[in-house]
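Asks: Build me a model from this:
(one chain, ligands or ions: 1)
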Amino acid sequence: MHFQTAEYAEVKVVSCTRGAIWDVIIDLREGSKNFGRYAGFELSESNNRQLYIPKGFAHGFQTLREDTMVSYLISEFYHPPAASGVRFDDPAFAIEWPAAPSVISEKDQSWPLVRV
Ligand SMILES: Cc1cn([C@H]2C[C@H](O)[C@@H](COP(=O)(O)OP(=O)(O)O[C@H]3O[C@@H](C)C(=O)[C@@H](O)[C@H]3O)O2)c(=O)[nH]c1=O
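Replies: As a prediction, this is how the structure comes out:
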């Protein structure tokens, strides 16, 4: 579940141009009444939905089909020192995913657990 911190925070517009994904966002905006809550959406080549993600949200997805392709519009340049994340299975958020993950990067398994 990725985001860039502070002044490098990004707006994202995500769509799924081939296959299907379960796309999840977590509200990490301090002071938000929804702080720490998440929402999930299916985006697919057949429903043509796009997800607009404001600054201050973590974002991640699970592919639901083989050979899936995802497209992003992102408002900021990639800035590695500001790149951050939280775990997809952090109990603080208790995200329900459609299936157990079959592949997850080392980096995404290594984000520290957070306290909300
Ligand atoms: C995100 C990004 C990564 N990279 C490089 C860094 C690294 O060598 C390689 C893979 O990086 P990552 O593991 O961060 O890539 P990835 O896991 O695909 O990162 C993406 O995940 C989804 C969930 C998002 O929301 C995106 O904004 C982005 O954070 O690509 C860029 O050159 N430019 C970029 O904009």
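
Asks: Near the ligand, which residues of this structure? Just list them.
Replies: The interface of the chain toward the ligand, taken as C-beta under 6 Å from any ligand atom, is made up of 2, 12, 59, 60, 74, 78, 105, 107. The C-beta positions use only the backbone N, C-alpha and C, and glycine is treated the same way.

Asks: mind listing the helices for this protein?
Replies: Using DSSP state H, the helices of the chain run over residues 106-109.

Asks: how many other residues sit next to residue 29?
Replies: The local packing count at residue 29 equals 14, with neighbours defined by other C-beta atoms under 10 Å.

Asks: Could you shift the numbering so residue one becomes 9, and keep it that way?
Replies: Renumbered: residue one is now 9, and that last one reads residue 37.

Asks: show me the contacts for it.
Replies: By C-beta atoms under 8 Å, 6 or more residues apart in numbering, residue 37 lies in contact with 43, 63, 64, 65.

Asks: buried subset of those residues?
Replies: 63, 64, 65 (16 or more other C-beta atoms under 10 Å).

Asks: how far away is the first one from residue 55?
Replies: What it means is residue 63. Note on residue 63: its distance to residue 55, by C-beta to C-beta, to the nearest Å, is 25 Å.
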